[in-house]
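Colleague: take this sequence and fold it.
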Amino acid sequence: MARGRREPPTVTGPDPDGATVRTDRSVLAVVHSVTSMTRLLDALAPLEADRRVQVLFTGIPGATVPGGVAAFFADLEVRTLDWDEAVRREFDLAIAAASSGPLHAVQAPLLNVPHGAGYNKHLTRNPEPGTRNPEPGSPVYGLSREQLTHGGDVVPSVVVLSHEEQLERLAEQCPEAAERALVAGDPCFDRLVASVPWRDRYRAALGLRAGQRLVVASSTWGPDSLLGRRPELPARLLAELPADEYQVAAVIHPNVWHHHGPWQLRAWLADCRRAGLLVIPPREGWRAALVAADAVVGDHGSVTLYAAALGRPVLLGAFPAERVVPGTAMAALGAASALLGDEPISEQIGSVIGGTIPGGAKKVADAAFAVQGHSAEVLRSAMYRLLELAPPATPVRVPPVPPPRPEPRRWEDAERPALLAGVVIEQEPGRAVFTVERTPAETADLRTVPLRGHRHLVVDGTETDHRLRGLAGLLVNRHGTASGEADTAVAETGADGSCLLRLPDGRVLALRTAADVDPAVLASAVLAWLAGGSEPDALPPRLALRIGSALVPFACETVSA
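Modeller: You can find the predicted model right below:
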């Protein structure tokens, strides 16, 4: 609510008499969820380094998924107030990234920023999958009169929109709030764009090798989300995409993490994590993963729209068009994008990577986000206007996002997943080409997979599952401490692309390549040659490894007979 200006200086904080820094203005950040907290951190960034302003945080009661907020507060070490105390006090500005709950009780001019990439979804309450489309004119989440007014009065002093097209929708949904609209773009998208030059660093942080493709599986929350409709999809991606050509990462909405509980989500994904799935934590990391991605399998969540606007090829694993507001950038993306079908996933992923985004990334971005590159400036001007302070003379920074840090592996899980290696050998005069395809053993039924001839199980030396170690045809020793069974070949790999292959009969072969591939792949290729009854000395002088479309030369020589 608007009110008269106090005469500065004022002292903020629960204990004004104990304040060291005497500030002129106080700001209340009202947090609904972990997602809204991440949005608020971007919106509040322009206030950094201004010693005239103190920011305090509070959690709003009645939020749909409030879990994780208290831990977020504690980890960031922000100063908090409980809700009852927050609404008893007066502030110079309040800011929220959602429109629900008793925001009318806050005693401050309220700046409302979008909860995601604009306002793309209908306001629904626990809809059942496949229920009827909302009627034309149905409430839009974040713009409805129900959310923006209380007792006939408009609650926010400023309603931030990410694009001009939302002005008409706001005028339809809540005409009395239209005069309070501010088109300010999206600071999250601006940071994504600013992060693109750091793509190689993000890919390195995720452990990607040169030539590997990163596929990000992104799910919003609710029964119509990707995980709600296709919970088996992460495992299917891992099973069907060769491990040396692809890495798979999962970006899952914070509401999924905190509705079911982080422990439970990690438990549900335990098999996929053992198979090599990179699980991105709920607060940060998803943006860097999008920048690093080569393709995104998504749904009607904001992450999918950000991905397309950033130029990442999109394949839809789920898209409940009935939940999406017609005429929005999200609706257009859903209508133009391919849906994941039953065909081999590698073919579908390859098709979208080799194709183009319908209309082009710039068209998607321009339809979704206004004032690109300047959102933080517009927001800063609005906040300082409400604070009745002159903004700092320094320019607003738009920093890149931090590198991603996937969920750490559990101690009992191997550092590298166990892999089924299949090898096809093509021979021609003076040359042999080995096509090696490796997929996670965790996603296969090893009881039905023949482990002989040109197919064998590759197990990391850190593997703690004795069943897998007993089935291994190749044990990979990356630390110089592991040993295999007497009848198991051992590959000792080096960071320089070298590999010593120790055969059960005592012979030792030295393998080397200059390419950025896992040296253990070389060992699988040579083991397949030996399984066919040929000797190492019979290898042609020119050897090559085919991984996907890449052809990698390598060398093999006998060190000890």
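Colleague: middle-most residue in this protein, spatially?
Modeller: Trp286 (2.7 Å; CA atoms, centre = their mean).
Colleague: so what's it closest to, chain neighbours aside?
Modeller: Ranked by CB to CB, 6 or more residues apart in numbering and with sequence neighbours excluded, the top spatial neighbour of Trp286 is Val251, at 4.3 Å. Quick note: C-beta positions are derived from backbone N, CA and C, even for glycine.
Colleague: dump the residue contacts of the one you found.
Modeller: By CB atoms under 8 Å, 6 or more residues apart in numbering, the contact set of Val251 is Val216, Ala217, Ser218, Ser219, Ile280, Gly285, Trp286, Ala289, Leu290, Val303.
Colleague: TSV for those, including distance to Ser375 and pLDDT?
Modeller: TSV is the format used below for the contacts of Val251 (distance: CB to CB, whole Å; pLDDT from 0 to 100):
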residue	distance to Ser375	pLDDT
Val216	23	98
Ala217	28	98
Ser218	22	98
Ser219	26	98
Ile280	24	98
Gly285	21	97
Trp286	19	98
Ala289	21	98
Leu290	17	98
Val303	18	98
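Colleague: picking that back up, direction included, what does the helix or strand containing the residue nearest to Trp286 pair up with?
Modeller: Element membership for Val251 (DSSP states H and E) is strand 246-252. Using DSSP bridges, strand 246-252 pairs in its sheet with strand 213-219 (parallel), strand 278-280 (parallel).
Colleague: dump that strand to PDB, keeping only the CA atoms.
Modeller: Written as PDB, here are the backbone C-alpha positions of strand 246-252 (Å, rounded to 0.1, in the frame of the first residue of the first chain):
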ATOM      1  CA  TYR A 246      25.800 -37.800 -25.300                       C
ATOM      2  CA  GLN A 247      25.400 -36.700 -21.700                       C
ATOM      3  CA  VAL A 248      22.000 -36.300 -20.200                       C
ATOM      4  CA  ALA A 249      21.100 -33.700 -17.500                       C
ATOM      5  CA  ALA A 250      17.800 -33.300 -15.600                       C
ATOM      6  CA  VAL A 251      16.400 -29.900 -14.700                       C
ATOM      7  CA  ILE A 252      13.500 -30.400 -12.400                       C
END
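Colleague: for that strand, which positions count as buried?
Modeller: The neighbour-count check on strand 246-252 (16 or more other CB atoms under 10 Å) flags Tyr246, Gln247, Val248, Ala249, Ala250, Val251, Ile252 as buried.
Colleague: gap between the last one and Trp286?
Modeller: To Trp286, Ile252 is 9 Å away according to CB to CB, to the nearest Å.
Colleague: likewise for Pro400?
Modeller: Relative to Trp286, Pro400 is positioned 14 Å away (CB to CB).
Colleague: just Leu214 next, same as before
Modeller: The gap separating Leu214 from Trp286 is 13 Å, by CB to CB.
Colleague: where does this protein have low pLDDT?
Modeller: Scanning the chain for pLDDT under 70 picks out 1-17, 125-137, 357-359, 480-486, 561.
Colleague: redo that, cut-off 50
Modeller: Applying pLDDT under 50 to the chain flags residues 1-14, 126-127, 129-131.
Colleague: about what we covered before: mind giving me a markdown table with the contacts of Val251 and columns for distance to Asp50?
Modeller: A markdown table is the format used below for those (distance: CB to CB, whole Å):
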| residue | distance to Asp50 |
| --- | --- |
| Val216 | 36 |
| Ala217 | 40 |
| Ser218 | 35 |
| Ser219 | 38 |
| Ile280 | 32 |
| Gly285 | 28 |
| Trp286 | 29 |
| Ala289 | 32 |
| Leu290 | 30 |
| Val303 | 31 |
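Colleague: quick one: which of those residues is nearest Arg410?
Modeller: Ile280 (16.6 Å; CB to CB).
Colleague: for burial, what's the neighbour tally of that closest one?
Modeller: Neighbour count for Ile280, taken as other CB atoms under 10 Å: 23.
Colleague: I'd say it and Ala249 touch.
Modeller: Yes. Ile280 is within contact range of Ala249, at 5.8 Å (criterion: CB atoms under 8 Å).
Colleague: overlap in contacts, these two.
Modeller: Residues touching both Ile280 and Ala249 (CB under 8 Å, 6+ apart) are Ala289, Pro406.
Colleague: which residues of the stretch 201-350 of the chain fall in helices?
Modeller: With helices called from DSSP state H, counting those that start in this stretch, the stretch 201-350 of the chain shows them at 226-229, 233-240, 254-260, 262-268, 270-274, 286-292, 302-309, 329-336, 345-354.
Colleague: if we can go back for a sec, and the contacts of Val251, which of them are buried?
Modeller: Among the contacts of Val251, those classed as buried by 16+ other CB under 10 Å are Val216, Ala217, Ser218, Ser219, Ile280, Gly285, Trp286, Ala289, Leu290, Val303.
Colleague: which ones are touching Val87?
Modeller: Residues in contact with Val87, defined by CB under 8 Å, 6+ apart, are Pro102, Ala105, Val106, Gln107.
Colleague: can you check Met37 too?
Modeller: Met37 makes contact with Val31, Val69, Phe72, Ala97, Arg283 under the criterion CB under 8 Å, 6+ apart.
Colleague: okay, those residues in CSV with distance to Asp445, secondary structure and neighbour count next?
Modeller: Shown next, in CSV, are the contacts of Met37 (distance: CB to CB, whole Å; DSSP: H, G, I helix; E, B strand; the rest coil; neighbours: other CB atoms under 10 Å):
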residue, distance to Asp445, secondary structure, neighbour count
Val31, 46, strand, 28
Val69, 42, helix, 24
Phe72, 41, helix, 21
Ala97, 45, coil, 26
Arg283, 36, coil, 18
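Colleague: in this structure Thr513 contacts Phe554, no?
Modeller: Yes. Here Thr513 lies in contact with Phe554, judged by CB under 8 Å, at a distance of 4.0 Å.
Colleague: which neighbours do the two share?
Modeller: In contact with both Thr513 and Phe554: Leu522, Leu545, using CB under 8 Å, 6+ apart.
Colleague: relative to Gln372, which of the contacts of Val251 is nearest.
Modeller: Among the contacts of Val251, Leu290 lies closest to Gln372 (CB to CB), at 16.2 Å.
Colleague: how close does the closest one get to Ala367?
Modeller: With the distance defined as CB to CB, Leu290 ends up 18 Å from Ala367.
Colleague: do the same with Ala531
Modeller: Computed as CB to CB, the Ala531 to Ala367 distance reads 56 Å.
Colleague: neighbour count winner among these two?
Modeller: Neighbour count, other CB under 10 Å: between Ala531 and Ala367, Ala367 has more, with 20 against 16.
Colleague: next up, the contacts around Gly101.
Modeller: With contact taken as CB under 8 Å, 6+ apart, Gly101 is in contact with His32, Ile60, Pro61, Gly62, Ala63.
Colleague: could I get the phi/psi values of the first one?
Modeller: Main-chain torsions, His32, degrees, to the nearest 10: phi -90, psi -30.
Colleague: just confirm it contacts Ala63, I think it does.
Modeller: Yes. Using CB under 8 Å, His32 is in contact with Ala63, at 4.4 Å.
Colleague: which neighbours do these two share?
Modeller: Ala98, Ser100, Gly101.
Colleague: and the gap between the residue lying closest to the second one once chain neighbours are set aside and Pro156?
Modeller: Nearest-residue entry for Ser100: Gln147, 5.9 Å, with adjacent residues in sequence omitted and distances by CB to CB, 6+ apart. Taking CB to CB as the measure, Gln147 falls 10 Å from Pro156.
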